[in-house]
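Novice: no sequence on this one, just coordinates:
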């Protein structure tokens, strides 16, 4: 794994692994709305920067410790931000979810809405290995 950290703060780490390739966004704990949106904007900026270098660049969201996401933030993520990833070339996103029901609910809602709108194919996994196996296969 050739992991290169691109951005980090107390709520989020974004890194790229050039061997697959994928860009990961790893969330840490409950993230207030402003920080969530700022983190997603940073992820979008970095994805747009790196996508031309890696035509098959995928996304991996590690949400094992992420708490509840408001309906307003979820709507913003799906309707306003996800199209930017698709425009930049994203086709697949894997999520690693926690056993926490609230965290699972947020990710389930996001994956079903993005798939329904045919923005990208998003799947949920219990661990990193399964998620990476899937990303390598698509």
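Specialist: Here it is on my side, so go on. Predicted, not measured: the structure shown is a model, and the values here were computed from it. Residues are numbered from 1 along each chain as shown.

Novice: mind listing what's buried in the longest helix seen in the chain?
Specialist: Criterion DSSP state H: the longest helix present in the chain is helix 33-50. Within helix 33-50, the residues scored as buried using 16 or more other C-beta atoms under 10 Å are 36, 37, 39, 40, 42, 43, 44, 46, 47, 50. All C-beta atoms are positioned from the backbone trio N, CA, C, and that covers glycine.

Novice: need the nearest residue in space to the third one, chain neighbours excluded.
Specialist: Nearest non-adjacent residue to residue 39, counting by C-beta to C-beta, 6 or more residues apart in numbering: residue 12, 4.2 Å away.

Novice: distance check, that neighbour against residue 25.
Specialist: Distance, residue 12 to residue 25, by C-beta to C-beta, to the nearest Å: 6 Å.

Novice: who has more neighbours, the two?
Specialist: residue 25 (23 against 20; other C-beta atoms under 10 Å).

Novice: and the more buried one, that one's in a strand?
Specialist: Yes - if the criterion is DSSP: H, G, I helix; E, B strand; the rest coil, then residue 25 is within a strand.

Novice: show me where pLDDT drops low in this structure?
Specialist: Where the chain drops to pLDDT under 70, the residues are 1, 99-106, 108, 113-118.

Novice: what residue lies at the spatial centre of the chain?
Specialist: Geometric centre of the chain, nearest residue: residue 61, 3.6 Å, by C-alpha atoms, centre = their mean.
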